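# build me a model from this:
(chains A, B, C and D)
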There are 2 protein chains.
Amino acid sequence: MKKAEATRLMILQKAFELIYVKGYQTTSIDDIIATTKVTKGAFYYHFKTKDEMGLSIINEILKPILASSFIEPLQNEKNPLEAIYNLMDNLLMKNEFLKVEYGCPASNFTQEMTPWNLEFNKALNELTQEWTNAITATIERGKKSDTIRKDVNAKQVTIFVMSGYWGIRNLGKLENSKKVYVSYLKQLKIYLDSLK
Amino acid sequence: MKKAEATRLMILQKAFELIYVKGYQTTSIDDIIATTKVTKGAFYYHFKTKDEMGLSIINEILKPILASSFIEPLQNEKNPLEAIYNLMDNLLMKNEFLKVEYGCPASNFTQEMTPWNLEFNKALNELTQEWTNAITATIERGKKSDTIRKDVNAKQVTIFVMSGYWGIRNLGKLENSKKVYVSYLKQLKIYLDSLK
DNA sequence: TTGCATAAATACTAAGCAGTATCTTTTATG
DNA sequence: CATAAAAGATACTGCTTAGTATTTATGCAA
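Residues are numbered from 1 along each chain as shown, chains lettered A, B, ... in the order given. This is a model prediction of the structure:
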């Protein structure tokens, strides 16, 4: 029971890294069993299909990453606007797992799987919704504590900020350079300051 | 010479539409010859490989679209900030070819082909660079005509605006709704106004 | 009309793909 | 230690893929 759970998680982890680099469609099960050194029998013991594995990656790998790296940091800072800026700065410039040349895993997944796979779409939507809610809540906190103007539309700002993040990840991927991240962050700061 | 050129273009056009909907990897040559009703012999007469066709799509289909729908509109309006806003509004809300559920073709291509295909990356980079230059030039025009503050960093603003566009296309794809476009556009307007 | 390059049709190949059937090993429990 | 279930190994299947080899039709210059 214990060791099996470990292999399952190891498969998910390694498969996730492969998919992050190569994309879901182009990562074959043979690729996965080659890098995990797990046999096909073992793979199909743990997962009925490739898509079941893909969904497990979203729910068991991506969700915890979202919680720890995308949501928690927002809740541990006092100043809401600083919290949002620092989150982005950390994700783009300091996070060691997310690489500029591979973009954002959730964004990649979305681009690749949506709209032709409904189950993936649903799982990714939930993921995004969680992040959206966390950012919106942070802005509302700012409005309550008077660090953000009352007339600011929290939901709209969230969408604007999130779209910028996804877009700059894609742009960084294209240019293979963090330079664009720096520009983005500077303008993000200016934009966020305008909400005070 | 004439009819052959026509079939070639027809293949590119139909293949582009298929790829826009399904993605490059998952669009097979058999898919393409089925929908174009062109035989494999004809296809491989016009294109040495699938990737050569893909590059031709970028250069012969995407580039003209970029010029006519993404760049020209910027040059035909007097007020630079309005030009940028109206461009985005048109692309997101009014353009009949670009569908919310399929996102932005260039962004999709970038996400899917970069970083593992250098030639695609180069072609897409040129494409993006052209758009970047056009937006930056528009902002500089605004600075000269005093409709935009002199201390505004044109390049930075361009990157910020472009990343927002790409991101919101991806978000729209995920939610399969133009609602997010409306939110994005409202905040874009506020942001652009802050540059006056 | 003949000759020849351009253009297109047909049938094939070799490799890769997700998934399965069947067997063997490991592990937990009485 | 016996045994049954859990976990993993191996070999295979049927199908799809990009690309090729070869043949056939078309259009145009002489």
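
# in chain A, which residue sits nearest DNA strand D?
Closest contact between chain A and DNA strand D, by C-beta to the nearest atom of the strand, is at residue A:41 (1.7 Å). For glycine as for every other residue, the C-beta is placed from the backbone atoms N, C-alpha and C.

# what kind of secondary structure is that residue in?
Assigned by DSSP: H, G, I helix; E, B strand; the rest coil, the conformation of residue A:41 is helix.

# what about it, how many residues close to it?
8 (other C-beta atoms under 10 Å in any protein chain shown).

# same thing with residue A:65?
Neighbour tally, residue A:65, other C-beta under 10 Å: 17.

# hmm, the strand or helix carrying it touching chain B?
Here residue A:65, judged by DSSP states H and E, is contained in helix A:63-65. No. For helix A:63-65, no contact with chain B is found by C-beta under 8 Å from any C-beta of the partner chain; the gap never falls below 15.8 Å.

# can you check stretch A:110-124 too?
Yes. Judged by C-beta under 8 Å from any C-beta, stretch A:110-124 and chain B are in contact via A:110, A:111, A:112, A:114, A:115, A:116, A:121, A:124.

# let me see the mean pLDDT of the longest helix seen in chain A.
Longest helix of chain A, by residue count under DSSP state H: helix A:118-144. Over the span of helix A:118-144, the pLDDT mean works out to 96.

# and the helix or strand that that helix is followed by, how far out from the chain middle?
Scanning forward in sequence from helix A:118-144, with DSSP H and E defining helices and strands, the next element found is helix A:154-175. Its chain's C-alpha centre and that of helix A:154-175 lie 12 Å apart, by C-alpha atoms, centre = their mean, to the nearest Å.

# now for helix A:154-175, which elements pack on it?
On a contact count with 3 or more C-beta pairs under 8 Å, 6 or more residues apart in numbering or on different chains; DSSP states H and E, helix A:154-175 meets helix A:80-89, helix A:105-113, helix A:118-144, helix A:179-193, helix B:105-113, helix B:118-144, helix B:154-175, helix B:179-193.

# buried stuff in the third one?
Yep, that's helix A:118-144 we're talking about. Under the neighbour-count criterion of 16 or more other C-beta atoms under 10 Å in any protein chain shown, helix A:118-144 has A:120-121, A:123-125, A:127-128, A:131-132, A:134-139, A:141-143 buried.

# now the fourth one
When burial is assessed from 16+ other C-beta under 10 Å, helix A:179-193 yields the following buried residues: A:180, A:181, A:183, A:184, A:185, A:187, A:188, A:190, A:191, A:192.

# before we move on, back to that, the longest helix of chain A near DNA strand C at all?
No. Helix A:118-144 is not in contact with DNA strand C by C-beta under 7 Å from any atom of the strand; minimum separation 12.7 Å.

# any idea how far the residue sitting furthest away from the middle of chain A is from chain B?
Most distant residue from the mean C-alpha position of chain A: residue A:41, 31.0 Å away (C-alpha atoms, centre = their mean). To chain B, residue A:41 is 28 Å away according to C-beta to the nearest C-beta, to the nearest Å.

# can you tell me how far that residue is from residue A:28?
17 Å (C-beta to C-beta, to the nearest Å).

# tally of neighbours for residue A:52?
Around residue A:52 there are 12 residues (other C-beta under 10 Å).

# same question for residue A:3.
Neighbours of residue A:3 (other C-beta under 10 Å): 7.

# again with residue A:195
If we define neighbours as other C-beta under 10 Å, then residue A:195 has 21 of them.

# which residues sit in contact with it?
A:81, A:139, A:142, A:148, A:149, A:152, A:157 (C-beta atoms under 8 Å, 6 or more residues apart in numbering or on different chains).

# which residues does the residue nearest the centre of chain A contact?
Centroid-nearest residue in chain A, with C-alpha atoms, centre = their mean: residue A:106, separated by 4.4 Å. Applying C-beta under 8 Å, 6+ apart, we find residue A:106 in contact with A:62, A:66, A:124, A:127, A:128.

# residue ranges with poor pLDDT in chain A?
By pLDDT under 70, the weakly predicted segments of chain A are A:1-2.

# mind running it again at 50?
A:1 (pLDDT under 50).

# domain-wise, how is it divided?
Taking automatic domain parsing as the reference, chain A has its domains at A:1-47, A:51-193.

# return the most buried member of those domains.
Most buried of those, by mean neighbour count (mean count of other C-beta atoms under 10 Å in any protein chain shown): domain A:51-193, with a mean of 18.

# what about that one, distance to the chain center?
With C-alpha atoms, centre = their mean, you get 6 Å for domain A:51-193.

# end to end, how far does that domain reach?
End-to-end span of domain A:51-193 (C-alpha to C-alpha, to the nearest Å): 43 Å.

# is DNA strand D contacted by that domain?
No. Using C-beta under 7 Å from any atom of the strand, we find that domain A:51-193 stays clear of DNA strand D, coming within 13.3 Å at best.

# having no further points to raise, I will conclude here.
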